[in-house]
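**Q** coordinates only, no sequence provided:
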């Protein structure tokens, strides 16, 4: 629960079929001006300047989810870059070019620079629904 919101989430690390993955579940509610749950990974080092986008291997409950990127230029807590994707009930690869990420406000660059990335968040966002998403891989291409 953040800033009065009533969404609740849980992240667990699961060992399944030989691979470990992160699984986020929970109800997302827009009541009280809320509307998201997320888990986030800090990047240990910058991505190469010539990286084109991010690659995920995910499964879910046939809902739309989002990646939120924070960079050296996202100084305020509510600043991020966002791109959406669908997570189906089967493991699948999702590729999101950096050009698909939209800034949360006018004070940010139009497109995030890969070498400026600081963290990647997987987010269930913006509508009442039950979240269930698993993430097995996160990489760049």
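**A** Good, I have the coordinates. Remember, it's a predicted structure, so these values are computed and weren't measured experimentally. Numbers count the residues shown, from 1 in each chain.

**Q** residue contacts, the residue nearest the centre of the chain?
**A** What sits nearest the mean C-alpha location of the chain, by Cα atoms, centre = their mean, is residue 122, with 2.2 Å. By Cβ atoms under 8 Å, 6 or more residues apart in numbering, the contact set of residue 122 is 22, 24, 38, 39, 40, 65, 66, 67, 133, 135. (C-beta placed from N, C-alpha, C; glycine too.)

**Q** which residues touch whatever helix or strand the fifth one lives in?
**A** Take DSSP states H and E as the rule and residue 40 turns out to sit in strand 36-42. The set of residues that contact strand 36-42 without belonging to it, under Cβ under 8 Å, 6+ apart, is 2, 5, 7-9, 11, 22, 24, 26, 28, 68, 70, 118-126, 131, 138.

**Q** which elements pack onto whatever helix or strand comes next after that strand?
**A** Going down the chain from strand 36-42, the next helix or strand is strand 53-60, by DSSP H and E. Counting contacts by 3 or more Cβ pairs under 8 Å, 6 or more residues apart in numbering; DSSP states H and E, strand 53-60 packs against strand 63-71, strand 81-87, strand 92-97, strand 129-140.
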